[in-house]
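S.K.: Predicted structure and sequence below. I'll ask about it afterward.
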Amino acid sequence: MFVKEVISSKKAREMNPVVLAFIGDAVYTLFVRENLALNHDLKTGELNKLSTLKVRASAQSERMNALLSILSEDETDIYKRARNAKKPTKAKSASIAEYNRSTGFEAVIGYLYLTGNTDRLAFLLNYGETTDES
């Protein structure tokens with residue numbers, strides 16, 4: 001993964017957690033799209049439909065629930081701060097709780113990406129994935 005500038009954990013923890021989620025959203029979307037494009041021989045319209053199913057708030061919320069028990073202390077702190085933060089937008093097709101959990105998920109992804117912790121990022125992104133059929 002390409003990071004223009006790796007920042008310290010301290011600096012990342014001082015960032016607004018919703019900004020971390022902003023970065024994490026892009027990282028996760030790229031991860032999902034790349035995996036789908038490399039593992040399926042489909043047209044872009046179908047790839048986009050599959051991508052949407054994985055990156056929507058409810059799906060991210062489910063992934064976060066699966067990850068909660070294996071998060072580090074720092075990751076848990078980032079997750080909780082983002083989950084509880086005031087957000088500039090509202091959930092479109094998810095409950096408020098799902099949207100809040102998905103924001104926490106994205107913030108953890110953004111935190112790991114910005115701090116250059118690519119091994120941990122890859123572990124969490126791939127956790128529980130046996131195949132990429134959906």
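M.R.: Right, received. Where do you want to start?
S.K.: Low-confidence stretches in the protein?
M.R.: Applying pLDDT under 70 to the chain picks out residues 1-3, 130-134.
S.K.: distance of the residue nearest the centre of it from Phe22?
M.R.: For the chain, the residue nearest the mean C-alpha position is Glu106 (3.4 Å; C-alpha atoms, centre = their mean). Distance from Glu106 to Phe22, counting by C-beta to C-beta, to the nearest Å: 8 Å. C-betas here are computed from N, CA, C, even on glycine.
S.K.: Buried residues of the host helix or strand of Arg33, list them for me.
M.R.: Using DSSP states H and E, Arg33 sits within helix 17-39. Within helix 17-39, the residues that count as buried by 16 or more other C-beta atoms under 10 Å are 17-18, 20-25, 27-29, 31-33, 35-36.
S.K.: Could you do stretch 118-134 as well?
M.R.: Applying a neighbour-count criterion of 16+ other C-beta under 10 Å, one finds Leu121, Leu124, Leu125 buried in stretch 118-134.
S.K.: Would you check that my belief about the first one contacting Ile109 is correct?
M.R.: In other words, Leu121. Yes. Leu121 is in contact with Ile109 according to C-beta atoms under 8 Å; the separation is 6.8 Å.
S.K.: Overlap in contacts, the two.
M.R.: Common neighbours of Leu121 and Ile109 (criterion: C-beta atoms under 8 Å, 6 or more residues apart in numbering): Val27.
S.K.: can you pull out the helices in the chain?
M.R.: 9-14, 17-39, 44-55, 57-67, 73-84, 96-114, 118-126 (DSSP state H).
S.K.: CA atoms only for the first one - export them in PDB, please.
M.R.: It stands for helix 9-14. The C-alpha coordinates for helix 9-14 follow below in PDB (Å, rounded to 0.1, in the frame of the first residue of the first chain):
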ATOM      1  CA  SER A   9       0.700   7.000  16.200                       C
ATOM      2  CA  LYS A  10       0.600  10.000  18.500                       C
ATOM      3  CA  LYS A  11      -0.100  12.400  15.600                       C
ATOM      4  CA  ALA A  12      -2.800  10.000  14.200                       C
ATOM      5  CA  ARG A  13      -4.500   9.700  17.600                       C
ATOM      6  CA  GLU A  14      -4.600  13.500  17.800                       C
END
